[in-house]
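Student: build the 3D model from these lines:
(one chain, ligands or ions: 1)
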Amino acid sequence: MKEKVDSPVTVLEDYFRSSDSESSSSKDPSADSESQDFSKPASRWHGFLKLLRSGSKKQMNTLHPISVLKLSKRMSTSMRETILPSCLLDATASPCRSPWKIFTHHEILVATNSFSQENLIGKGGYAEVYKGCLTNDQLVAIKRLTRGTADEIIGDFLSELGVMAHVNHPNTAKLVGYGVDGGMYLVLELSEKGSLASVLYGSKQKLAWCIRHKIALGIAKGILYLHEGCQRRIIHRDIKAANILLTEDFEPQICDFGLAKWLPENWTHHTVSKFEGTFGYLAPEYLLHGIVDEKTDVFAFGVLILELVSGRRALDYSQQSLVLWAKPLLKKNDIMELIDPSLAGDFDSRQMNLMLLAASLCIQQSSIRRPSISQVVQLLNGNLSCFKGAKKTRMPFFRRVFQEELLDSE
Ligand SMILES: Nc1ncnc2c1ncn2[C@@H]1O[C@H](COP(=O)(O)OP(=O)(O)OP(=O)(O)O)[C@@H](O)[C@H]1O
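Tutor: Below is the predicted model of the structure:
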């Protein structure tokens, strides 16, 4: 077990601890004239912010590879590879432009109409999200980090930026740019439909079954990419309906990487001492012992499937847990009781069986018994070959679906 995680924040902390003396002895007079606490030299992120900000001071549209090179030269190879997104590292090799725009405070204010209340589209525990319109008419979502001291906000910002700049998949949210003046801002492509939570619970128009199935499969593919497909092993740690954005054609995109952790290849898991996440989605081993690994996300994904099937919240207004409500029904094979009545029986029963099978495997108490997300993707696609062992289970629902599926495939 390891206590210290290989994350953008800890890596940067180490880096700036060693370079703090240097930055405070050569005090930048312009830093004090910047807005509020974010630019104070005392901040342990001062050097890094100076570097990020220098791009905008030189009126560059994007983070210039030379700035990245200046930073990366002072890092060890492992630090450099951990903190810097691969595209920036590539940018240091060839002088191409990085794809993110650096926004000035003025540009952020203009885009959001000075953070007007009518542009407020989301509020979480860490941030407020505003709709914005850029000068080229592109619609964006501007996430303004708000929780904690200036130092904590900058740490959270760098951590999320580090992960967002690293991921690139149709089922993950898209970063347009960022701003570090007058606050910490992440600028994302706007999802006009909003989050899955708002569509599932806040809209009168009910989601058709085929869309629910498409959303489940898309989220599973997005998690598969984070766990196995991108350069580093990323555990999202906060998979939930409010953190799934929907594109115009209901393609789901995983967002909010504020709690995401990077796990080195050779670690079985990571242990956290600070409890973060969302009740209703938390795996038992995380809740009890702070253990984080891929199965943390698999459990939360199981809860999401139950939400899509039942139309019920992970934790309802009386704090009743969806998992605790659904488990006995799955055990009794009482499937009709689980299904959202608003579907009025209009669903593909094979897909329904597969979704419920996936949910019941993902929400198992024991993390070892939960499938990997790649197995879940196979299952949702109707391929049960990797689950042969599970047919011996005592759960009648499992047995019935396995028998039906095996007969089908034979
Ligand atoms: N790109 C986007 N397009 C549209 N809406 C968005 C976008 N990004 C975020 N939102 C909305 O803002 C809400 C809050 O965003 P986000 O989850 O990133 O904030 P947070 O403070 O980190 O949340 P949490 O408390 O869950 O950690 C989302 O649930 C969603 O409704």
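Student: output the contacting helices and strands for the helix or strand V187 falls within.
Tutor: Per DSSP states H and E: V187 is located in strand 185-189. Strand 185-189 sits against strand 139-145, helix 150-164, strand 175-179, with contacts defined as 3 or more CB pairs under 8 Å, 6 or more residues apart in numbering; DSSP states H and E. (C-beta placed from N, C-alpha, C; glycine too.)
Student: wait, which of those is closest to A326?
Tutor: With CB to CB, the closest approach to A326 among the helices and strands packed on strand 185-189 belongs to helix 150-164: 31.0 Å.
Student: close to the ligand, is the closest one?
Tutor: No - judged by CB under 6 Å from any ligand atom, helix 150-164 stays clear of the ligand, getting no closer than 7.9 Å.
Student: pull the helix or strand with minimum mean pLDDT from the chain.
Tutor: Here the helix or strand of the chain ranked lowest by mean pLDDT, DSSP states H and E is helix 29-33, holding a mean of 32.
Student: flag every residue of the stretch 151-300 of the chain that's near the ligand.
Tutor: So the stretch 151-300 of the chain meets the ligand at 173, 188, 190-191, 194-195, 198, 238, 242-243, 245, 255-256, 258 (CB under 6 Å from any ligand atom).
Student: and if we set it to 8 Å?
Tutor: Counting by CB under 8 Å from any ligand atom, the residues of the stretch 151-300 of the chain close to the ligand are 160, 173, 188-192, 194-195, 197-198, 238, 240, 242-243, 245, 253, 255-256, 258-259, 278.
Student: narrow those residues to those in strands?
Tutor: 188-189, 245, 253 (DSSP state E).
Student: any idea which of these has the most stuff around it?
Tutor: Within these, most neighbours by other CB atoms under 10 Å means L245, with 28 neighbours.
Student: so who does that one touch?
Tutor: 173, 191, 193-196, 252-255 (CB atoms under 8 Å, 6 or more residues apart in numbering).
Student: beta partners of L186?
Tutor: Following DSSP bridges, L186 is listed with bridge partners K143, Y178.
Student: gap between it and F157?
Tutor: Going from L186 to F157 by CB to CB, to the nearest Å gives 7 Å.
Student: identify the contacts common to the two.
Tutor: Common contacts of L186 and F157, defined by CB under 8 Å, 6+ apart, comprise 145, 178.
Student: circling back: dump the contacts of L245 into CSV; add distance to R313 as well.
Tutor: Supplementary listing: the contacts of L245 in CSV, determined by distance: CB to CB, whole Å:
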residue, distance to R313
A173, 22
S191, 20
K193, 19
G194, 16
S195, 13
L196, 12
P252, 18
Q253, 21
I254, 19
C255, 19
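Student: where along the stretch 301-410 of the chain do the helices fall?
Tutor: 322-331, 335-338, 349-362, 373-380, 396-409 (DSSP state H, counting those that start in this stretch).
Student: most centrally placed residue in the chain?
Tutor: In the chain, the centroid-proximal residue (CA atoms, centre = their mean) is F257; its distance is 3.7 Å.
Student: sorry, back to before: show me the least confident stretch of the helices and strands packed on strand 185-189, going by mean pLDDT.
Tutor: Of all the helices and strands packed on strand 185-189, mean pLDDT reaches its minimum on helix 150-164 (a mean of 89).
Student: can you mark which positions in that helix are buried?
Tutor: 150-151, 153-164 (16 or more other CB atoms under 10 Å).
Student: N113 against N119, yeah?
Tutor: Yes - contact status for N113 versus N119: in contact at 5.9 Å, counting by CB atoms under 8 Å.
Student: give the contact list for the residue lying closest to I121 once chain neighbours are set aside.
Tutor: Sequence neighbours aside, K131 is the residue nearest to I121 in space, at 5.0 Å (criterion: CB to CB, 6 or more residues apart in numbering). Counting by CB under 8 Å, 6+ apart, K131 touches 112, 119-121, 139-142, 190.
Student: helix or strand: which one has K131?
Tutor: strand 127-133.
Student: quick check, that strand touching the ligand?
Tutor: Yes - contact of strand 127-133 with the ligand (CB under 8 Å from any ligand atom) involves 127-129, 131.
Student: let me have those in TSV, extended by pLDDT.
Tutor: Converted to TSV, these look like this (pLDDT from 0 to 100):
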residue	pLDDT
A127	93
E128	96
V129	97
K131	97
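Student: between the helices of the stretch 301-410 of the chain, which one is closest to the ligand.
Tutor: Nearest to the ligand among the helices of the stretch 301-410 of the chain is helix 322-331 (17.5 Å), distances taken as CB to the nearest ligand atom.
Student: tell me what the closest one is packed against?
Tutor: With contacts taken as 3+ CB pairs under 8 Å, 6+ apart, helix 322-331 sits against helix 294-310, helix 335-338, helix 349-362, helix 396-409.
Student: where's the first one relative to the chain centroid, distance-wise?
Tutor: Going back to what we said before, that points to helix 294-310. 14 Å (CA atoms, centre = their mean, to the nearest Å).
Student: may I ask you to confirm that N136 belongs to a strand?
Tutor: No - under DSSP: H, G, I helix; E, B strand; the rest coil, N136 sits outside any strand and is assigned coil.
Student: where does the stretch 251-400 of the chain dip in pLDDT?
Tutor: 388-400 (pLDDT under 70).
Student: can you check the pLDDT for Q231?
Tutor: Per-residue confidence (pLDDT) for Q231: 84.
Student: cool, and the one 10 residues further on?
Tutor: We note a pLDDT of 97 for A241 in this prediction.
Student: who's in contact with it?
Tutor: Counting by CB under 8 Å, 6+ apart, A241 touches 195-197, 200-201, 304, 307, 313-314.
Student: most neighbours among those residues, which one is it?
Tutor: L304 (28 neighbours).
Student: I'd say it and K240 touch.
Tutor: Yes - assessed by CB under 8 Å, L304 is found in contact with K240 at 7.0 Å.
Student: what touches both of the two?
Tutor: 281, 314.
Student: quick one: end-to-end length of stretch 243-258, please.
Tutor: End-to-end span of stretch 243-258 (CA to CA, to the nearest Å): 11 Å.
Student: with stretch 221-231 instead?
Tutor: Terminal-residue distance, stretch 221-231 (CA to CA): 16 Å.
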